[in-house]
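S.K.: the sequence and its predicted three-dimensional model are supplied below.
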Amino acid sequence: MGGPAEWRLFAAAVASAERRLVASRARAEALTGRSRVDSPYLAPLRARASACDSRPHGRMREILDAAAFDVHLARRRRRDAEPYLARRYPLAARGAMARRARWSRRLTAWDGLVGADGPPPATLVISPTALEQYARCPRRFFFERRLGVMPPEDPEASEGLQGRPLGSVAHRALELFFARWIQEWTAGVLPQGRPAEWQRWLDDAVAQAAREQAAAVASVPGLARLQQEAVADALRQFLTAETERLEQEGWRPEALERSVEAELAVGEGLVVRLPNRLDRVDLRRDPGTGRPVAARVVDYKTSRAAPDPTHLEGGTSLQLPLYLLAVARYASLPVDCCEAERVALREDGWTDRATLPGIHWQAMEPSLRLAVGELARLIVQGSFPGAPVTARECDNCPFRVVCGPEAWRQARRKAGEPSLQALAKVREQAR
Ligand code: SF4
């Protein structure tokens, strides 16, 4: 309570206002959140203002109510108000902390730096596709491979050979076709030069594959029939050329859907074991001894084009060189006697092939070892930042709703952090 002198001073201050008088008060203490008792000077001001004001909402306005006060504090991002806000709004406080951490120049747990599971392992088992996915964006890898959050299938993507169900039909049909090929060739009754016989095999294979995938192919029976015919036509064209090529070049398919591991020692005591499932393995054998002299792995993809297999694309294209290693191991041959081939099949029968001959191995090996080593070490260390190769990666990513639209810019601010430097090294050097 002020004494008479203070009241006189207050009255003089009020009287000196020419157009507008703004009186402010603190409703709560910023640090503790305790509400504060109004100053006794405010009561006569309120009474006078209400009496003088005939307009509906009055001129006397409470500028800040309790919630607005909190919003005001939060907007000003005052560090000294944080303990108070954190107590009142724990979730919002965590959000604010995450936001600040993500925009900082350091990599934190809020960016996906979850840390190692335990002491560094001597071996990491990881598939080549998982490594490629990590290279594309570690956080997406984390969501899908560690948390098991899979984005829903795009229903439109299942229309055409590119869709996953129809891709599976094509894979299975090729497996069935070549299984029969191997069986009859081994028995010495292969119908060479009798295309009608091949066609019958293929139609049987497609029909069986479609039956096995019936639920996935299409829920509309007519559409399933059309899709099945489209797959059969595309495979017919591919296999007509493929069986001719096998005869001319002396390759024999000998194994299908074979699991073979590639293994790379990547330094610092870490060995990376890379399980592969090889769609088809062809061998060339010495006519005299019958021993394999060359091996080839054929990988079918129901994608639009087969990328250049001699490029590692910053770690996002590792599969073919690792297949090369795996097939060499399968056939017990030196890598330079092997080749890895990717065949991209399209529903209109168009086929694209990309072959990686083993003679490229020596030139590619250092970059491959670097990419596999750095990516594996980052995974072992538990580093999963949102670090897509380009901003466009986020545009097409189903996790954008979680990461927000600025993930790429946030990652760029942290480019000096060791994990991101290691990733940048792979992207720059494993070309
Ligand atoms: S939105 Fe971007 S940062 Fe987030 S997971 Fe997808 S690609 Fe990675």
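M.R.: Structure received.
S.K.: what segments of the protein are strands?
M.R.: With DSSP state E, the ranges of strands along the chain come out as 123-125, 252-265, 271-285, 292-301, 338-345, 351-357.
S.K.: got JSON lines for the ones you listed, with mean pLDDT, mean neighbour count and distance to Gly112 too?
M.R.: (Each C-beta comes from the backbone N, C-alpha and C, glycine too.) Formatted as JSON lines, the strands of the chain follow (pLDDT from 0 to 100; neighbours: other CB atoms under 10 Å; distance: least, CB to CB, whole Å):
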{"stretch": "strand 123-125", "mean pLDDT": "91", "mean neighbour count": "15", "distance to Gly112": "18"}
{"stretch": "strand 252-265", "mean pLDDT": "89", "mean neighbour count": "17", "distance to Gly112": "25"}
{"stretch": "strand 271-285", "mean pLDDT": "91", "mean neighbour count": "19", "distance to Gly112": "21"}
{"stretch": "strand 292-301", "mean pLDDT": "90", "mean neighbour count": "21", "distance to Gly112": "29"}
{"stretch": "strand 338-345", "mean pLDDT": "88", "mean neighbour count": "24", "distance to Gly112": "31"}
{"stretch": "strand 351-357", "mean pLDDT": "86", "mean neighbour count": "17", "distance to Gly112": "33"}
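S.K.: adding distance to the ligand, write those out as JSON lines.
M.R.: Output for the strands of the chain, formatted as JSON lines (distance: least, CB to the nearest ligand atom, whole Å):
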{"stretch": "strand 123-125", "distance to the ligand": "21"}
{"stretch": "strand 252-265", "distance to the ligand": "26"}
{"stretch": "strand 271-285", "distance to the ligand": "23"}
{"stretch": "strand 292-301", "distance to the ligand": "22"}
{"stretch": "strand 338-345", "distance to the ligand": "24"}
{"stretch": "strand 351-357", "distance to the ligand": "26"}
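S.K.: separation between the nearest residue to Trp408 once chain neighbours are set aside and Pro398?
M.R.: Nearest residue to Trp408, sequence neighbours excluded (CB to CB, 6 or more residues apart in numbering): Ala391, at 4.2 Å. Going from Ala391 to Pro398 by CB to CB, to the nearest Å gives 16 Å.
S.K.: likewise Glu212?
M.R.: 28 Å.
S.K.: what's the answer for Ala74, then?
M.R.: 30 Å.
S.K.: who has more neighbours, these two?
M.R.: Applying other CB atoms under 10 Å to Ala74 and Pro398 shows that Ala74 carries more neighbours, namely 17 against 14.
S.K.: ok, the residue nearest to that one when sequence neighbours are not counted - contacts?
M.R.: With CB to CB, 6+ apart as the criterion, Ala74 has its nearest non-adjacent residue at 5.9 Å, and that residue is Leu85. Applying CB atoms under 8 Å, 6 or more residues apart in numbering to Leu85 gives the contacts 70, 73-74, 92-93, 96.
S.K.: keep only these that also lie close to the ligand.
M.R.: Subset of these in contact with the ligand: empty, counting by CB under 6 Å from any ligand atom.
S.K.: and Ala109, what does it touch?
M.R.: Residues near Ala109 by CB under 8 Å, 6+ apart: 101, 115.
S.K.: ok, 10 Å please
M.R.: Ala109 is in contact with 98, 101, 115, 382, counting by CB atoms under 10 Å, 6 or more residues apart in numbering.
S.K.: now Gly188
M.R.: Residues in contact with Gly188 (CB under 10 Å, 6+ apart): none are found.
S.K.: for it, phi and psi?
M.R.: The phi and psi values for Gly188, taken as degrees, to the nearest 10, are phi 70, psi 20.
S.K.: from the ligand, how far off is it?
M.R.: From Gly188 across to the ligand, the span is 53 Å (CB to the nearest ligand atom, to the nearest Å).
S.K.: ok, Ala170 to Glu18 distance?
M.R.: For Ala170 relative to Glu18 (CB to CB), the value is 84 Å.
S.K.: mind checking pLDDT for the residue nearest to Ala74?
M.R.: Predicted confidence (pLDDT) for Leu85: 82.
S.K.: what about Ile251, how many residues nearby?
M.R.: Slight slip there: residue 251 is Trp, not Ile. Trp251: 20 surrounding residues under other CB under 10 Å.
S.K.: quick check: it touching Pro292?
M.R.: No - counting by CB atoms under 10 Å, Trp251 sits too far from Pro292 to count as a contact (11.0 Å).
S.K.: what sits in contact with each of these two?
M.R.: Common neighbours of Trp251 and Pro292, using CB under 10 Å, 6+ apart, are 281, 283-285.
S.K.: list just the nearest of those to Ala407.
M.R.: For the shared contacts of Trp251 and Pro292, the residue nearest Ala407 by CB to CB is Val281; the value is 40.5 Å.
S.K.: who's in contact with the closest residue to that closest one other than its chain neighbours?
M.R.: Leaving aside its sequence neighbours, Val281 sits nearest to Ala255 (CB to CB, 6+ apart; 4.2 Å). Neighbouring residues of Ala255 by CB under 10 Å, 6+ apart: 178, 182, 278-283, 295, 297, 327, 330-331.
S.K.: where's the nearest residue to Trp185 once chain neighbours are set aside relative to Arg329, distance?
M.R.: The shortest distance from Trp185 to any residue other than its chain neighbours is 6.7 Å, reached at Arg252 (CB to CB, 6+ apart). Distance of Arg252 to Arg329, computed by CB to CB: 19 Å.
S.K.: go on, Ile379?
M.R.: From Ile379 across to Arg329, the span is 23 Å (CB to CB).
S.K.: cool, Leu91 as well?
M.R.: From Leu91 across to Arg329, the span is 52 Å (CB to CB).
S.K.: and these two? Which one has more around it.
M.R.: Legend: neighbour count by other CB under 10 Å for Leu91 and Arg329, higher for Arg329 (17 against 8).
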